[in-house]
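Asker: Starting from these lines, generate the structure:
(one chain, ligands or ions: 1)
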Amino acid sequence: MSIQFYPENKIFKLDTNSTSYAIQINKYGYLLHLYYGAAVSDSELDYLAYTCPHGAHFPRVESETAENPFFSKDLHRMEYSCNGCGDFRGSALAIKRSGGTEDTDIQYVSHKIYAGKPKIEGQPATYADEEQATTLEILCRDNVSGAEVTLFYSVFENLGAMTRHAIIHNASNEVMEVKRALSACVDFHDASDMDFIHLYGGACKERLFERSPLIYGIQGVSSKRGYSSHMQNPFVALCSHDATEESGDAYGFNLVYTGNFVATAEMDSDSGARVLLGINPEGFTWRLEPDESFVTPEAVMVYSNEGLGGMSRIFHKLYRNNLCRGYWKTRKRPILINNWEATYFDFNEEKLYDIAKTASELGIEMLVMDDGWFGSRNNSHSGLGDWFVNEEKLKGGLGKLTERVNALGMKFGIWFEPEMVSKRSELISAHPEWVLQIPDRHKSISRHQYVLDMSRADVRDYLFECIKAVLDNANIAYIKWDFNRSLTEAGSALLGSERQQEVFHRYVLGLYELLERLLNAYPELLLEGCASGGGRFDPAWLYYAPQIWASDDSDAIERLDIQYGTSMCYPTSTVGAHVSACPNHQVGRTTPLQTRGNVALAGTFGYELDLTKLTDEEKEIVRKQCADYHKYFDVIHNGNLYRLISPWKDRTKCAWMYVSDDKREALVTYVVIRYRIFQRNYLRLAGLDPNKRYLNEQTGQILSGDTLMRAGMNIQEILKDYDSRVYHFIAVD
Ligand code: GLA
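Answerer: Residues are numbered from 1 along each chain as shown. Here you go, the predicted structure:
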């Protein structure tokens, strides 16, 4: 078992092949955090709990004597911090009692250790069989309020990853209100040499990488937009100042949640730091009647002493193997052509068919019909909610178009934005009460649309039936599930005043339920997540959709930054990336078609332009790119990513590579962002077997792994702005 309990000193030790995590039940029954980091062999780690007794003004549990050593919740490393009883750092848990106070204080009651990993009912989470993971449940109780808290820890033994969540149960006879219930709390003893990493951004610039020294005080990211958001991602990392891509300590924290979240790092004056991650407590209260429970989302924690690259590779493996699921989990996904940037709203059956026909001749495998096929949808002002086909555009209906596309040997995919309703739509006239709203408050409008109240079962039933009607009447293999505005005035007509603060979370749970229902009914359906580009790129979505459109900025050079940041924790196999037209529609940049293809290959790969307008020469390039997708699929999608040159480094170039698990195959991509005169294109590789010799298929040169990694490659070509090269290496011995 990789989780042990040592009764002599009441220590839990949770080990993976590369990490250890330790918790102690102290003399007073409180859970202390002892250690998280690289694997350590000893279990007597209680000496780590010692903290120098400070002045009398720190609250302590009782006067210290020889038998009762110094213990202050504010100075010790706490495992799951509670509010109002002496720990003044951020709380993981705060429960308001019927008397109005928010004092919360939990102590150990019992525990269980078992092989495998439990499901989190109604929520997305990583999964594992009994060989892959071991779980520890620690039951704690607040003896005054009657709240019971079960802390769950699962370790993935061969991966260096662990997950956490908590269940808060009202075991009293009175109502209580959960004000904060975070998924993870980790107290670091010494964070003085650490950096804080997060992914910030906006629409068309999602998940940009930011690394800065951890400061005294609180640093953090959050969302209260109702979705995980473009602006901040529910991922943060702490790493040592000296951590590089391939060395140094790196701790990654990611929340499996697509709603309002918070992730903070709080460094105290002794340079200890507390990381907290979970549902954003702002605008959140969850009412618990006696015997009811609240379940937090899952937090994923990864540690690597192989730097940020090591951390990312663990996340990638975990998400590919133990989060993504279903029919498309490991299957090669079809190369798609999406008509959005080709036609926007201005299309009809013939236009789409012509694009599909050209696509089929080039090796593209699926046509995705984007926004505009339904209701009165000719621009973004109307139609959302009216999910019946617009027969003025598609004369013979969906059946005829899909049949024609299928006859070309292609699959057919379709766009939906189920959670929304247009201000001008039949649905809103029929059901104004289905919109999220607060009766006496003006409803903010955004992209001419409102948000449906996904906490309502009738709304979900309606949406399920609409989608079902479409899927049952035409051969549809794929849905792009879009979401194009934030939640505002988030009140629900069905809930009483005492439960309005639950709406954001109930919305998310409702969304999960609908997605689950859809996938149960159509297990072979391929879902692609989308939110005005990549506004909902989070692990929760990956549980339902094995690919997510990464950004509405499809420019290859902008995508370098976006895909670099995204790769911190999300695997390449999940990153929706397309080749689009030039000049690029978002930034006006002109880049070579080869480079657009090379960058999109580091993703799910597809096209988003009018293929009928390509020259013969361009068509030949597209044909070759499609062939390359198949040729390199395995190494890219199942291989290990090594980021070689960050696009941020000096803004002149960017490079990355994939290496197969057996290290017999590698694919290197090198892109010039800004050519500087006499620029040398020198590149040291990573992740190869130093003792193997590799044939570079493009140059014919054979060099050993150690030479390629230590002396490096020297690309002997003059490459100009936006040029790029891909090199395929095969082990020859
Ligand atoms: C969003 C998506 C785009 C496209 C449009 C359609 O912006 O991100 O890819 O589907 O909606 O309206």
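
Asker: Of all the residues in the protein, which one is nearest the ligand?
Answerer: residue 371 (3.4 Å; C-beta to the nearest ligand atom). C-beta coordinates here come from the backbone N, C-alpha and C atoms, glycine included.

Asker: How confident was the prediction at that residue?
Answerer: We have a pLDDT of 98 for residue 371.

Asker: looking at it, it is touching residue 414, isn't it?
Answerer: No: the criterion here is C-beta atoms under 8 Å, and residue 371 misses it with residue 414 at 10.1 Å.

Asker: which one of these two has more residues nearby?
Answerer: More neighbours surround residue 414 than the other of residue 371 and residue 414, with 23 against 20 (other C-beta atoms under 10 Å).

Asker: Mind telling me what element that one is part of?
Answerer: strand 411-416 (DSSP states H and E).

Asker: Direction included, what does that strand pair up with?
Answerer: Here strand 411-416 is paired, per DSSP bridges, with strand 366-369 (parallel), strand 478-481 (parallel).

Asker: Please state the offset of it from the chain centre?
Answerer: Strand 411-416 sits 23 Å away from the centroid of its parent chain (C-alpha atoms, centre = their mean, to the nearest Å).

Asker: and after it, which helix or strand comes next?
Answerer: strand 420-422.

Asker: does the ligand sit close to that next one?
Answerer: No: taking C-beta under 6 Å from any ligand atom as the criterion, strand 420-422 and the ligand are apart, separated by no less than 10.4 Å.

Asker: Report how many residues lie close to residue 652.
Answerer: Residue 652: 14 surrounding residues under other C-beta under 10 Å.

Asker: Deepest-packed of the strands paired with strand 411-416, please.
Answerer: strand 366-369 (a mean of 26; mean count of other C-beta atoms under 10 Å).

Asker: what does that one contact?
Answerer: In this structure, residues lying in contact with strand 366-369 by C-beta atoms under 8 Å, 6 or more residues apart in numbering are 334-339, 347, 352, 355-356, 359, 401, 405, 410-415, 477-478, 480, 606.

Asker: touching the ligand at all, that strand?
Answerer: No: judged by C-beta under 6 Å from any ligand atom, strand 366-369 makes no contact with the ligand; its nearest approach is 9.2 Å.

Asker: Quick one: distance of that strand to the chain centre.
Answerer: Strand 366-369 sits 25 Å away from the centroid of its parent chain (C-alpha atoms, centre = their mean).

Asker: Give me the next element, helix or strand, following that strand.
Answerer: Criterion used, DSSP H and E; the element after strand 366-369 is helix 397-407.

Asker: How about that following helix, which residues are buried there?
Answerer: Neighbour counts over helix 397-407 (16 or more other C-beta atoms under 10 Å) mark 398, 401, 402, 404, 405, 406 as buried.

Asker: ok, the third one touching residue 473?
Answerer: No: counting by C-beta under 8 Å, no contact exists between residue 402 and residue 473, whose distance comes to 9.0 Å.

Asker: Against which helices or strands is the top helix by length along the chain packed?
Answerer: Ranked by residue count and defined by DSSP state H, the top helix of the chain is helix 616-638. With contacts taken as 3 or more C-beta pairs under 8 Å, 6 or more residues apart in numbering; DSSP states H and E, helix 616-638 sits against helix 349-362, helix 593-600, strand 653-659, strand 665-672, strand 724-731.

Asker: could I get the ones you listed as JSON lines with distance to the ligand, mean pLDDT and mean neighbour count?
Answerer: Shown next, in JSON lines, are the helices and strands packed on helix 616-638 (distance: least, C-beta to the nearest ligand atom, whole Å; pLDDT from 0 to 100; neighbours: other C-beta atoms under 10 Å):
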{"stretch": "helix 349-362", "distance to the ligand": "15", "mean pLDDT": "98", "mean neighbour count": "19"}
{"stretch": "helix 593-600", "distance to the ligand": "14", "mean pLDDT": "98", "mean neighbour count": "23"}
{"stretch": "strand 653-659", "distance to the ligand": "24", "mean pLDDT": "97", "mean neighbour count": "24"}
{"stretch": "strand 665-672", "distance to the ligand": "23", "mean pLDDT": "98", "mean neighbour count": "23"}
{"stretch": "strand 724-731", "distance to the ligand": "24", "mean pLDDT": "98", "mean neighbour count": "21"}
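
Asker: Now do the phi/psi pair for residue 31.
Answerer: Dihedral pair for residue 31: phi -90, psi 120, per degrees, to the nearest 10.

Asker: what's the neighbour count on it?
Answerer: 22.

Asker: gap between it and residue 107?
Answerer: Residue 31 is 8 Å from residue 107, where distance means C-beta to C-beta, to the nearest Å.

Asker: For those two, list the residues in contact with both.
Answerer: residue 140.

Asker: So which residues on the stretch 551-700 of the chain come close to the ligand?
Answerer: Residues of the stretch 551-700 of the chain lying near the ligand (C-beta under 6 Å from any ligand atom): residue 552.

Asker: For residue 181, give the beta-bridge partners.
Answerer: What pairs with residue 181, by the bridge criterion (DSSP bridges), is residue 93.

Asker: Spit out the contact partners of it.
Answerer: For residue 181, the contacting residues are 92, 93, 166, 168, 278, 279, 286, 294, 296, by C-beta under 8 Å, 6+ apart.

Asker: which SS class is the fourth one?
Answerer: The three-state label given to residue 168 by DSSP: H, G, I helix; E, B strand; the rest coil is strand.

Asker: Pretty sure it sits against residue 288.
Answerer: Yes: counting by C-beta under 8 Å, residue 168 does reach residue 288; the two are 7.0 Å apart.

Asker: More neighbours: the two, which one.
Answerer: residue 168 (23 against 20).

Asker: Quickly list the domain ranges of this structure.
Answerer: The chain breaks down into these domains under automatic domain parsing: 92-318, 336-422+462-489+511-638, 644-731.

Asker: Make CSV out of those domains and add distance to residue 453.
Answerer: What follows is these, written out as CSV (distance: least, C-beta to C-beta, whole Å):
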stretch, distance to residue 453
domain 92-318, 11
domain 336-422+462-489+511-638, 9
domain 644-731, 41
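
Asker: Give me the residues contacting stretch 718-727.
Answerer: Here stretch 718-727 makes contact (C-beta under 8 Å, 6+ apart) with 556-557, 589-592, 594-595, 598-599, 601, 628, 667-675, 679, 681, 696-699, 713, 715, 717.

Asker: for stretch 637-650, same thing?
Answerer: Identification of contacts with stretch 637-650 by C-beta under 8 Å, 6+ apart yields 209, 245-246, 308-309, 312-313, 316, 320, 330, 332, 560-561, 564, 567, 571-573, 653-661, 665-668, 670, 673, 683-687.

Asker: Dump the helices and strands packed on helix 616-638 to TSV, plus distance to residue 8.
Answerer: Shown next, in TSV, are these (distance: least, C-beta to C-beta, whole Å):
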stretch	distance to residue 8
helix 349-362	68
helix 593-600	56
strand 653-659	45
strand 665-672	49
strand 724-731	50
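
Asker: Great, nothing more from me.
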